[in-house]
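K.L.:
Sequence and predicted structure below; questions after.
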Amino acid sequence: MIFIESRCNDAAYHFSIEELFTCSIRNNNPVLMLWQTGKTVMLGNNQSVKAEVDVDFALKSEIKIIRRSSGGGAIYTDPGTVLYTVIQPKTKEANIHREETAASVINALKKTGIPAVREGRNDITAEGRKISGLAQYASGSHICTHGSLLYDTNLETLSKVLIADEKKLLPKGITSIRSRVTNIKPFMDNGPSVGEFIDILKDHLLSDIEYNVYLPGEDELTEITKIYQKKYTNPEWNLRM
């Protein structure tokens, strides 16, 4: 396995790395990346900004709006959120890759004492509240499965910047986004910092797995920069619809 450890908190940079490995490098070994962001709303590929985001609140709160290449719903992330990415050759149906990634994350969380369970197609919950969501996209040969973990995320900001879809919430008896989600940190003994949690998660995810730490070379950094500038920091991509 290739492990990518990044101290950058720019979502656009990480999405550029994902695209490089999914669409260009196409390594035969699976890739794992654990990362963080600043205050960010991440839109699904086909979502409308106006329908999903309180844009005025985002601007006032200096929250970036970034569109990812995968589908799924809009999410809010900040330095208290941990994100994970798994990229691998597409040898199975997409849903099987998603299920295997979810199972790996759930197993790692359970080792830390988190009562994590799979719920529905894309969610991981603890005691009935969402702590993680997964999404995917693929090139012809490789598939990227990624997700977020609400560790110590500002849930009040999350509930204010994202526009609730009442058609999805009300049939489930949920009255707000805030009541649907929860953080992982309260479930953990002694409340480790987010950095400590990332180290714990990494140890559990990579236990009994041989891996090499990835450091991009000059040519790869050039390609990452091209993707970054052309797509993930381009308003025509991020703010369309």
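P.N.:
The structure has been received and is ready for your questions. Numbers count the residues shown, from 1 in each chain.

K.L.:
which secondary structure element contains the residue lying closest to Val181 once chain neighbours are set aside?
P.N.:
With sequence-adjacent residues excluded and distances taken as C-beta to C-beta, 6 or more residues apart in numbering, Val181 is closest to Lys130, at 4.8 Å. Bear in mind the C-beta positions are built from the backbone N, C-alpha and C, glycine included. Assigned by DSSP states H and E, Lys130 falls within strand 129-138.

K.L.:
Verify the stated contact: the residue nearest to Val181 with Ile184.
P.N.:
No: with contacts counted by C-beta atoms under 8 Å, Lys130 stays clear of Ile184, the gap being 11.0 Å.

K.L.:
Only alpha carbons, please: show stretch 183-201 as PDB.
P.N.:
Output of stretch 183-201 as PDB, limited to C-alpha atoms (Å, rounded to 0.1, in the frame of the first residue of the first chain):
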ATOM      1  CA  ASN A 183     -18.900  14.000  16.700                       C
ATOM      2  CA  ILE A 184     -16.700  11.100  17.400                       C
ATOM      3  CA  LYS A 185     -14.600  12.800  20.100                       C
ATOM      4  CA  PRO A 186     -17.200  12.400  23.000                       C
ATOM      5  CA  PHE A 187     -17.100   8.700  22.500                       C
ATOM      6  CA  MET A 188     -13.400   8.500  23.200                       C
ATOM      7  CA  ASP A 189     -11.700   8.100  26.500                       C
ATOM      8  CA  ASN A 190      -9.600  11.200  27.500                       C
ATOM      9  CA  GLY A 191     -10.700  13.100  24.400                       C
ATOM     10  CA  PRO A 192      -7.500  12.900  22.300                       C
ATOM     11  CA  SER A 193      -6.600  15.800  20.000                       C
ATOM     12  CA  VAL A 194      -7.500  15.500  16.300                       C
ATOM     13  CA  GLY A 195      -3.800  14.900  15.500                       C
ATOM     14  CA  GLU A 196      -3.700  12.100  18.000                       C
ATOM     15  CA  PHE A 197      -6.900  10.600  16.600                       C
ATOM     16  CA  ILE A 198      -5.400  10.600  13.100                       C
ATOM     17  CA  ASP A 199      -2.400   8.700  14.400                       C
ATOM     18  CA  ILE A 200      -4.600   6.200  16.100                       C
ATOM     19  CA  LEU A 201      -6.800   5.800  13.000                       C
END
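
K.L.:
what distance separates it from the centre of its chain?
P.N.:
17 Å (C-alpha atoms, centre = their mean, to the nearest Å).

K.L.:
buried sites along that stretch?
P.N.:
For stretch 183-201, burial by neighbour count (16 or more other C-beta atoms under 10 Å) applies to 183-185, 187-188, 192, 194, 197-198, 200-201.

K.L.:
For that stretch, what does the pLDDT average out to?
P.N.:
When pLDDT is averaged along stretch 183-201, the result is 94.

K.L.:
Name the residues that touch it?
P.N.:
The contact list for stretch 183-201, computed with C-beta atoms under 8 Å, 6 or more residues apart in numbering, reads 34, 36, 79-80, 82, 84, 108-109, 112-115, 126, 131, 149-153, 155.

K.L.:
among those residues, which are in helices?
P.N.:
108-109, 155 (DSSP state H).

K.L.:
Looking at the buried residues of stretch 183-201, spot the one nearest Ser139.
P.N.:
Among those, Leu201 lies closest to Ser139 (C-beta to C-beta), at 26.7 Å.

K.L.:
show me what contacts the closest residue to Ala51 other than its chain neighbours?
P.N.:
Spatial nearest neighbour of Ala51, chain neighbours left out: Ile163 (6.6 Å); criterion: C-beta to C-beta, 6+ apart. For Ile163, the contact set (C-beta under 8 Å, 6+ apart) comprises 51-54.

K.L.:
hang on, the earlier thing: nearest to Ile2 among the ones in helices among the contacts of stretch 183-201?
P.N.:
Ala108 (18.0 Å).
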